[in-house]
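**Student:** I'd like to go over a predicted model; first the sequence, then the structure.
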Amino acid sequence: MGTIRLVSTMPPRSHLPAALITTRFLVRPTTAMQALQRELGDTFMFNLAGVSPTVMVSHPDDVKTVFTAPHEDMPTVSSSSSLGLLLGPDSVLILNGPKHLRERRLISPSFRGERLRPWGPLIDDLTHSQIDRWQPGQEITLQEEMQAITFDTILAIVFGMKDAARQDALREVVVDLTKRATSGPRSMLDLVLAARGRLAGPMERLRKAMDEVVYAEIADHRGHSDLESRSDMMSMLMVARDEDGSAMTDQELRDELVTLLLVGHETTATSLAWGAERLLRTPDALQRLKHELAEGEDGGAAYVDATVNEILRDRPVVPLIGRELRAPLTLGGYEIPAGQTVNVNIWLANHRADTYPEPFRFHPDRFLGKRPETYGWIPFGGGIRRCLGASFAEMEMRHVIRALYSRVEMSLPDPSPERPVLRAVTLAPQHGARVRIEAIKERPEPVVEAAEPAAAA
């Protein structure tokens, strides 16, 4: 007779007090997660003070199991989180079930490569314009500088916004919202209040101010008859129809636009800031990138792609993806019951030595001629809930990286690496990637397509 394998009910958990684990996680989140993995293995219980214990997984087999499970059995925990108070109940990040699938079908065509490609020159111009504001000898916080680029990119590509007064009003609100949501004790208070179903007074006022601008822009778009020929995403979403011919409501549009605005610009800017922090501390990778940009085939496209992949692997901005089981699931040899929350740990999955030799070394060459692992490289999640804006973010990163490292020489004022710190639900550089500008080259002349030769008379 064959050997019968006994399956334990639940994974192990640390004997440390939840309060101590929570403190370690808040102060040094990545170090805390790595320590628990070393102690307990790839599948373990993660218990924070005041929060129900969650199952943490990072092995590619378990990641695949979670991402390929029937979506009705694995709703996102975001649907019951405080995010909904800001993003709205119809955000694709919040929705589950058929409504979520409908929203994805309506939105996804706007993010296809052929729709995004024409926006490259605009991103180049926005990046060069930001660089033109810098001076040699100046110290800057690169995360803030990148936010300016990614925000203006969203305004142009997603909103198609041309009204300068509205642009300024929306920029001011979003900057205030972002600072409040990512600034230490104040953001913790906001999260506590949000968990109780309400936004703090200042957050509520900022949300209303943002909505006023967004709804005004929606109303303006509704008044135009040429939406079919427009290339901005708001216009595309307005003309999109599902199987029964129905369109998105103003509320649905608002929630998806706000999601793209708040989540899209912040995460991409943080990835670009991390890229500078990693490259400047890895001179061989930085010099290879500059060489490929100057002399490489197709403007160094292959190495730029590899660099983007390595930034997103080594410094994923979102560390965890949560699901709530509605049916039992076997993960790591444990039978996890329905009702249990499971978190795919992106940080741990992206730093596995059996997937990536020297996982804590920043080494873009590992992706040259090699595609990222489907379930071992998951900065955008996976499965039916994989980030819709992944292609958009990667394209934007490629264009900014080309412009930035072709023109600017930077150095680090602090020799110590910036450690990852929690800013709301993201991992950001501790000091926002502080750099010193050493030299700036002139902006390159725009490439002008050669005209077709005139036909002979």
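**Tutor:** Sure thing, it's come through. Numbers count the residues shown, from 1 in each chain.
**Student:** got the buried residues for the host helix or strand of Glu212?
**Tutor:** Assessed by DSSP states H and E, Glu212 sits inside helix 201-222. The neighbour-count check on helix 201-222 (16 or more other Cβ atoms under 10 Å) flags Met203, Leu206, Arg207, Ala209, Met210, Val213, Val214, Glu217, Ile218, His221 as buried. All C-beta spots, glycine's among them, are computed from the backbone N, C-alpha and C.
**Student:** Would you mind putting these into CSV with pLDDT and distance to Leu286 alongside?
**Tutor:** What follows is the buried residues of helix 201-222, written out as CSV (pLDDT from 0 to 100; distance: Cβ to Cβ, whole Å):
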residue, pLDDT, distance to Leu286
Met203, 80, 39
Leu206, 88, 38
Arg207, 88, 40
Ala209, 92, 41
Met210, 93, 38
Val213, 94, 39
Val214, 95, 39
Glu217, 94, 40
Ile218, 95, 43
His221, 93, 43
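**Student:** Could you single out the nearest of these to Pro319?
**Tutor:** Closest approach between the buried residues of helix 201-222 and Pro319, by Cβ to Cβ: Met203, at 23.1 Å.
**Student:** Would you mind measuring from that closest one to Val435?
**Tutor:** In this view, Met203 and Val435 are 31 Å apart by Cβ to Cβ, to the nearest Å.
**Student:** next one: Asp220
**Tutor:** 39 Å.
**Student:** next one: Thr259
**Tutor:** On the measure of Cβ to Cβ, Thr259 and Val435 end up 30 Å apart.
**Student:** Backbone torsions only: list them for the residue nearest to the spatial centre of the chain.
**Tutor:** Centroid-nearest residue in the chain: Thr267, 3.9 Å away (criterion: Cα atoms, centre = their mean). Backbone torsions for Thr267, taken as degrees, to the nearest 10, come to phi -70, psi -40.
**Student:** Okay, now the unreliable bits of this structure?
**Tutor:** Applying pLDDT under 70 to the chain flags the ranges 1-8, 79-82, 181-200, 446-457.
**Student:** Tell me where it has strands.
**Tutor:** Ranges of strands within the chain are 44-46, 54-57, 139-141, 320-324, 329-331, 334-336, 341-345, 408-411, 420-423, 426-429, 434-440, based on DSSP state E.
**Student:** contacting residues for Arg434?
**Tutor:** With contact taken as Cβ atoms under 8 Å, 6 or more residues apart in numbering, Arg434 is in contact with Glu139, Ile140, Thr141, Leu142, Leu412, Pro413, Asp414, Glu418.
**Student:** Wait, the fifth one touches Val435, no?
**Tutor:** So that's Leu412. Yes: between Leu412 and Val435 there is a contact under Cβ atoms under 8 Å: 6.3 Å.
**Student:** which residues are in contact with both of these two?
**Tutor:** The contact sets of Leu412 and Val435 overlap at Leu280 (Cβ under 8 Å, 6+ apart).
**Student:** Who has more neighbours out of the two?
**Tutor:** Legend: neighbour count by other Cβ atoms under 10 Å for Leu412 and Val435, higher for Val435 (23 against 16).
**Student:** ok, and the closest non-adjacent residue to the more buried one?
**Tutor:** With Cβ to Cβ, 6 or more residues apart in numbering as the criterion, Val435 has its nearest non-adjacent residue at 4.4 Å, and that residue is Met410.
**Student:** ditto for Gly137
**Tutor:** Take Gly137 and drop its neighbours on the chain: the residue closest to it by Cβ to Cβ, 6+ apart is Ile437, 6.7 Å away.
**Student:** wait, isn't that neighbour in contact with Val408?
**Tutor:** Yes: counting by Cβ under 8 Å, Val408 is a contact partner of Ile437 at 6.6 Å.
**Student:** who touches both of the two?
**Tutor:** Common contacts of Ile437 and Val408 (Cβ under 8 Å, 6+ apart): Trp134.
**Student:** Tabulate the strands of the chain (JSON lines), appending distance to Ile384.
**Tutor:** Listed next are the strands of the chain as JSON lines, based on distance: least, Cβ to Cβ, whole Å:
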{"stretch": "strand 44-46", "distance to Ile384": "24"}
{"stretch": "strand 54-57", "distance to Ile384": "18"}
{"stretch": "strand 139-141", "distance to Ile384": "37"}
{"stretch": "strand 320-324", "distance to Ile384": "11"}
{"stretch": "strand 329-331", "distance to Ile384": "16"}
{"stretch": "strand 334-336", "distance to Ile384": "19"}
{"stretch": "strand 341-345", "distance to Ile384": "14"}
{"stretch": "strand 408-411", "distance to Ile384": "40"}
{"stretch": "strand 420-423", "distance to Ile384": "27"}
{"stretch": "strand 426-429", "distance to Ile384": "22"}
{"stretch": "strand 434-440", "distance to Ile384": "39"}
